[in-house]
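Peer 1: Sequence first, predicted model second:
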Protein chains: 2
Amino acid sequence: MAEAQSDLSIARGAVKRPIADVAARLGIPPEALIPYGRDKAKIDAGFLRDLGGRPDGKLILVTAINPTPAGEGKTTTTVGLGDGLSALGRRTAICLREPSLGPCFGQKGGAAGGGHAQVVPMEDINLHFTGDFHAITTAHNLLAAAIDNHIHWGNELGLDPRRIVWRRVVDMNDRALRDIVQSLGGPANGVPRESGFDITVASEVMAIVCLAADMKDLKERLGRIVIGYRFDRTAVHARDLKVDGAMAVLLRDAMLPNLVQTLENNPAFVHGGPFANIAHGCNSVVATRAALKLADYVVTEAGFGADLGAEKFFDIKCRQAGLRPAATVVVATVRALKMNGGVAKSDLGREDVEAVRRGSVNLKRHVANCLQYGVPVVVAINHFGTDTDAEIEVVKVAAREAGVEAILCRHWAEGSAGALELARKVAELVDSGEATFHPLYPDEMSLLGKIETVVEKIYHGAGVTAEPLALRELQRFEEDGYGHLPVCMAKTQYSFSTDPSKLGAPTDHVVHVRSVRLAAGAGFLVAICGDILTMPGLPRHPAAEHIHLTDAGEVEGLF
Amino acid sequence: MAEAQSDLSIARGAVKRPIADVAARLGIPPEALIPYGRDKAKIDAGFLRDLGGRPDGKLILVTAINPTPAGEGKTTTTVGLGDGLSALGRRTAICLREPSLGPCFGQKGGAAGGGHAQVVPMEDINLHFTGDFHAITTAHNLLAAAIDNHIHWGNELGLDPRRIVWRRVVDMNDRALRDIVQSLGGPANGVPRESGFDITVASEVMAIVCLAADMKDLKERLGRIVIGYRFDRTAVHARDLKVDGAMAVLLRDAMLPNLVQTLENNPAFVHGGPFANIAHGCNSVVATRAALKLADYVVTEAGFGADLGAEKFFDIKCRQAGLRPAATVVVATVRALKMNGGVAKSDLGREDVEAVRRGSVNLKRHVANCLQYGVPVVVAINHFGTDTDAEIEVVKVAAREAGVEAILCRHWAEGSAGALELARKVAELVDSGEATFHPLYPDEMSLLGKIETVVEKIYHGAGVTAEPLALRELQRFEEDGYGHLPVCMAKTQYSFSTDPSKLGAPTDHVVHVRSVRLAAGAGFLVAICGDILTMPGLPRHPAAEHIHLTDAGEVEGLF
């Protein structure tokens, strides 16, 4: 393993090919590319429209056990598997989410894979990239400005200033903006009220861009956004403020998928990045659909662990977009399973077979959950240098007990060469045609029934409780015609329960719904269970303190 | 005149050439271009560095009389003159500011010239363009987040939360954000304090990007920003928070000039766009310098009328960057002079020779002011269909009385063909080599002395008064070593005085300095005289209500 090399230094050493050559491997002609520099491009809307008649390739989801501070490497495995399938001669495309700028300057550093399984240009992807998130921020805030402007000029729509649910967004970790009082300073500055900012990935506009089928669908979804309520509690929509058209104009380019390449010059679409708690946590439908038309195998990822990411991928994205996944890869690491087995992060370097065995209940539950969707599963063990053979064997046994195979992967250190066995197995599963995908619950089930179903079948909890107001609102949403929507569960990513300290495979936990939110444009109902931060803060010493630009213009300190 | 055609429909009918062909006309090789689509590109930093040894072309400033609601057409004339010089076979580059998104959705519509004198792609330039403003917004707000984060984690630097002068910015007209109370909601959200947002063009980061000579200078200027004061009144700088490096990383691409083309396929750099009241109102030094190395004639513009725009161009931009302009064009229209002569906007269609004569005092004073800088002046009369021969003759006589020539231009209707006479005259002035540029006041003059000099020689006021606090702060800034900086006057653009209703050429007005602000990174001292809005609001019916996207992805309603 080349652990001495940072992700940035590996990425910078990449021998990139012109993006037109990468596109050509998927049969995308140069005239269908809108270049952003030499190594990034968007795909032209006309070309995308003309793909409609082609048959679809096979869709492979990469998900994971519950995340721990030890790291799982879901994006890394998505890239490694894509490179592995390409190395086997399969026509493959990768679909990833775009990273958010905020966390990049907070704790996380970059988010474009790692080691020898990355997408490049790593710095650009982690910074402004092709401007999609800035466009989403701007469109979101235009609607916010229009709301306060409407009230300022007489409030013809009769909006109740206390019941405006549309906040503002910024792509920054900035706790100071979570709760504000705005419009102070006198009549010229509008009507004072409480409000605040979320981070851009939490914007409903982000979810809409990622779920919209095309420009027409985008416009309709933007118009449907509920921004607040009148004094009689009837909803006011974005279309009532007449800025949905201008929002769509701002999002025109952001709707086009971005094409980049892996370190091995294989095509990767990196497009859209909604939060995986209060939104659905997957890359855009537009990119996934384009990839399916252009490649025989499409490898994509979903946010957080399978209880949040895979569930929402299946029940929200696949349901809305009519996608039929052909295989699921559940990523696990020995280290993360050890933490699920009760080992502290500082002790992860020591062999502890029993802890791995204890922690493997987490893996087994995720595998069983994923199998419920009718899609075959394989486990990818993302190798770390400290893993012992005995520990790895325990994971393989656990997978077998769950009815699936676990394959050791070394793509972080070796690139595609380290993921060939996984790629072969995934290709075999996909080609077998055994997948019979179906979502977890039908559209017709009540909203509360859907929440209860997810808690029972995915979280394995003992039941659901809810605030009386939340129950009343669920009923009101059904009366208002939103009962057919899927539910988007917002809870901690660290546990099957709503208590982040309960690792492994907890049972008997009750899930309490604190509040519910309607995302009428995105097309789901958010059930908030626990403390969900929609605006992160910066740590005492943010990563930004170590990020620099050399006089020659090279970025230092992104990792 | 083709008045039936909108700017957008003319722009959309443009026969654009590939941006590489446009670049080739300035000798920029394809490998020095960073493409953004097919019709926009940034110029590579390495190529810009290697231009250093070349001789400079000649710099021509386009400025104007005081703006009125009748419209003057400064950007239009800049484009027309550039096209005219190109039509004469002169190797010419145009340098414009980037428009701000906020006003585009408010009252203004687009801002990329007009009629047959525009830069294209008009929609892109008016929307996200190459992302420069978004990068500036993000860098600015990263510093803001770092400030509140620092206080939250113990305030080691001893910042006085009541004396933080760094606000946040957003590229949106949003009056609700002018005055806020932030960090509410308990200890996890930081220390509550009053603050607010300005529009991005008012950010000191915008001014810094536009005045920095290169990446090294950019980093130093960012580090020098004063963000607030300690309880002992000593200044705290951006470098003390250690995020100046990360801010520079965010601004890396924003520092590279953008190349687009006019409707006649001539090269235009559109880069940077600081406010012309609390900042200096000119395009970037980087773009202007590159243009001077690549072309024999460079036509650029400055914001608002000559009292603000030209004064700052000469006394801030040219002083800091060592530029030596060779000619000045003062744009006037019969309609705007009529308004300066007391005619209401609704009556502009009627011939009124006397009103034009009365209003021409405004033009004469601007011409005399500009001549003070040792640079030859010519007046461009931007023709409107309602102008009569008698009215135009009055303007020509007024110009002659001011010692310069006035030339009628029809570039709005005719493109370069309508600006040939102006182009010939400008080339003649430039080639004469008669310019002996010198700024209005020396660096060594006291800060108050500089303010008094501008008021006396440019505004022709009777004197300067100031709040006692402003006077004390001027003294403190001098003690702190900022006495050598030029002053940036922030006052209404509608009048030589601080009263927007005093049109024409007022005298006997006293200019009152309400407050002063240090822009240590940008390198000037802002003197605020009157009500200066750094965050515009939206009108009752914002332009956004009429901006739409067709299902095919075409923008409608930008004009």
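Peer 2: That came in fine, so what should we check first? Nothing here was measured: the structure is a model prediction, and the numbers come from that model.
Peer 1: got the contact list for residue A:297?
Peer 2: Contact partners of residue A:297, counting by C-beta atoms under 8 Å, 6 or more residues apart in numbering or on different chains, are A:57, A:58, A:60, A:85, A:90, A:91, A:92, A:93, A:427, A:430. Backbone N, C-alpha and C define where each C-beta goes, glycine included.
Peer 1: of these, closest to chain B?
Peer 2: Taking C-beta to the nearest C-beta as the measure, chain B sits nearest to residue A:93 out of these, at 22.6 Å.
Peer 1: Please identify which helix or strand holds that closest one.
Peer 2: Applying DSSP states H and E as the criterion places residue A:93 in strand A:92-96.
Peer 1: now that strand: mean pLDDT?
Peer 2: When the per-residue pLDDT values of strand A:92-96 are averaged, the result is 98.
Peer 1: List the pairing partners of that strand within its sheet, with orientation.
Peer 2: For strand A:92-96, the pairing partners within the sheet under DSSP bridges are strand A:267-270 (parallel), strand A:297-301 (parallel).
Peer 1: Quick one: closest of these to residue B:188.
Peer 2: Among these, strand A:297-301 comes nearest to residue B:188, with 30.5 Å by C-beta to C-beta.
Peer 1: what does the next helix or strand after the closest one contact?
Peer 2: For strand A:297-301, the succeeding helix or strand toward the C-terminus, using DSSP H and E, is helix A:309-312. Outside of helix A:309-312, the residues within contact range by C-beta under 8 Å, 6+ apart are A:61, A:63-64, A:276, A:280-282, A:301-303, A:328, A:366, A:369-370, A:373, A:440, A:454, A:458, A:488-489.
Peer 1: mind redoing it with 7 Å?
Peer 2: A:61, A:63, A:276, A:280-282, A:302-303, A:328, A:370, A:454, A:458, A:488 (C-beta atoms under 7 Å, 6 or more residues apart in numbering or on different chains).
Peer 1: With respect to residue A:10, which of these is nearest?
Peer 2: Proximity of these to residue A:10, judged by C-beta to C-beta, is greatest for residue A:303, which lies at 24.1 Å.
Peer 1: re earlier: just name the most buried of the strands paired with strand A:92-96.
Peer 2: With neighbours defined as mean count of other C-beta atoms under 10 Å in any protein chain shown, those peak in mean count at strand A:297-301, which reaches a mean of 29.
Peer 1: Now it - C-alpha only, CSV.
Peer 2: This file holds the C-alpha atoms of strand A:297-301, laid out as CSV (Å, rounded to 0.1, in the frame of the first residue of the first chain):
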residue,chain,number,x,y,z
TYR,A,297,-23.0,-1.2,-16.7
VAL,A,298,-23.7,1.9,-14.5
VAL,A,299,-22.2,1.9,-11.0
THR,A,300,-23.7,4.5,-8.6
GLU,A,301,-23.6,5.2,-4.9
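Peer 1: In strands only, show me the contacts of helix A:309-312.
Peer 2: Judged by DSSP state E, the subset of those located in strands is A:61, A:63, A:328, A:488.
Peer 1: The second one: how many residues sit nearby?
Peer 2: As a burial measure, residue A:63 scores 30 neighbours (other C-beta atoms under 10 Å in any protein chain shown).
Peer 1: Show me what it is bridged to.
Peer 2: Residues in a beta bridge with residue A:63, per DSSP bridges, are residue A:330.
Peer 1: Equivalent analysis for the last one, please.
Peer 2: Counting by DSSP bridges, residue A:488 forms beta bridges with residue A:526.
Peer 1: what's the spacing between it and residue A:61?
Peer 2: Remark: distance between residue A:488 and residue A:61 (C-beta to C-beta, to the nearest Å) = 17 Å.
Peer 1: re earlier: between the contacts of residue A:297, which is nearest residue A:69?
Peer 2: When these are compared for distance to residue A:69 (C-beta to C-beta), residue A:60 wins out at 27.3 Å.
Peer 1: list the contacts for that closest one?
Peer 2: For residue A:60, counting by C-beta under 7 Å, 6+ apart, the contacting residues are A:297, A:298, A:299, A:325, A:326, A:327, A:329, A:426, A:430.
Peer 1: can you rerun that using 6 Å?
Peer 2: When contacts are counted by C-beta atoms under 6 Å, 6 or more residues apart in numbering or on different chains, residue A:60 is found next to A:299, A:327, A:426.
Peer 1: tell me which of the residues you listed is nearest to chain B?
Peer 2: residue A:299 (28.5 Å).
Peer 1: That closest one reaches residue A:79, doesn't it?
Peer 2: No: taking C-beta atoms under 6 Å as the definition, residue A:299 is not a contact partner of residue A:79, at 8.3 Å.
Peer 1: returning to that earlier point: so what touches the strand holding residue A:93?
Peer 2: Under the criterion C-beta under 6 Å, 6+ apart, residues A:82, A:85-86, A:267-270, A:283, A:287-288, A:291, A:295, A:297-300 lie in contact with strand A:92-96.
Peer 1: Following element in sequence after it, please.
Peer 2: Moving toward the C-terminus from strand A:92-96, the next helix or strand (DSSP H and E) is helix A:101-105.
Peer 1: Which neighbouring elements make contact with the next helix or strand along the chain from that next one?
Peer 2: Proceeding N to C from helix A:101-105, the next assigned helix or strand is strand A:113-114, under DSSP H and E. Using 3 or more C-beta pairs under 6 Å, 6 or more residues apart in numbering or on different chains; DSSP states H and E as the contact criterion, the neighbours of strand A:113-114 among helices and strands are helix A:74-87.
Peer 1: Next up, the contacts around the residue nearest to residue A:419 when sequence neighbours are not counted.
Peer 2: Leaving aside its sequence neighbours, residue A:419 sits nearest to residue A:84 (C-beta to C-beta, 6 or more residues apart in numbering or on different chains; 3.4 Å). Under the criterion of C-beta under 6 Å, 6+ apart, the neighbours of residue A:84 are A:416, A:419, A:420, A:423.
Peer 1: before we move on, back to that, who wins for proximity to residue B:340 among the strands paired with strand A:92-96?
Peer 2: Relative to residue B:340, the nearest member of the strands paired with strand A:92-96 by C-beta to C-beta is strand A:267-270, separated by 54.5 Å.
Peer 1: Downstream of the closest one, the next helix or strand is which one?
Peer 2: The element immediately downstream of strand A:267-270 (helix or strand, assigned by DSSP H and E) is helix A:285-294.
Peer 1: Render the CA-only coordinates of that next one in CSV, please.
Peer 2: As requested, C-alpha coordinates have been extracted for helix A:285-294 and formatted as CSV (Å, rounded to 0.1, in the frame of the first residue of the first chain):
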residue,chain,number,x,y,z
VAL,A,285,-31.8,11.1,-12.3
VAL,A,286,-30.7,13.0,-15.4
ALA,A,287,-27.1,11.7,-15.1
THR,A,288,-28.2,8.2,-14.1
ARG,A,289,-30.5,7.9,-17.0
ALA,A,290,-28.0,9.2,-19.5
ALA,A,291,-25.4,6.8,-18.2
LEU,A,292,-27.8,3.9,-18.6
LYS,A,293,-28.4,4.9,-22.2
LEU,A,294,-24.7,5.2,-22.9
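Peer 1: now it: mean pLDDT?
Peer 2: Averaging the model's pLDDT scores along helix A:285-294 yields 98.
Peer 1: next one: stretch A:40-49
Peer 2: The model assigns stretch A:40-49 a mean pLDDT of 96.
Peer 1: Report the buried residues of it.
Peer 2: Of all the residues in stretch A:40-49, those buried under the rule 16 or more other C-beta atoms under 10 Å in any protein chain shown are A:40, A:41, A:42, A:43, A:44, A:45, A:47, A:48.
Peer 1: Please name whichever of the strands paired with strand A:92-96 is nearest to residue A:308.
Peer 2: Nearest of those to residue A:308, taken as C-beta to C-beta: strand A:297-301 at 12.5 Å.
Peer 1: and the angle from the longest helix anywhere in chain A to helix B:132-152?
Peer 2: Residue-count comparison of every helix in chain A, with assignments taken from DSSP state H, identifies helix A:132-152 as the longest. Between helix A:132-152 and helix B:132-152, the angle comes out at 80 degrees (axes from the mean of the first three to the mean of the last three C-alpha atoms, to 10 degrees).
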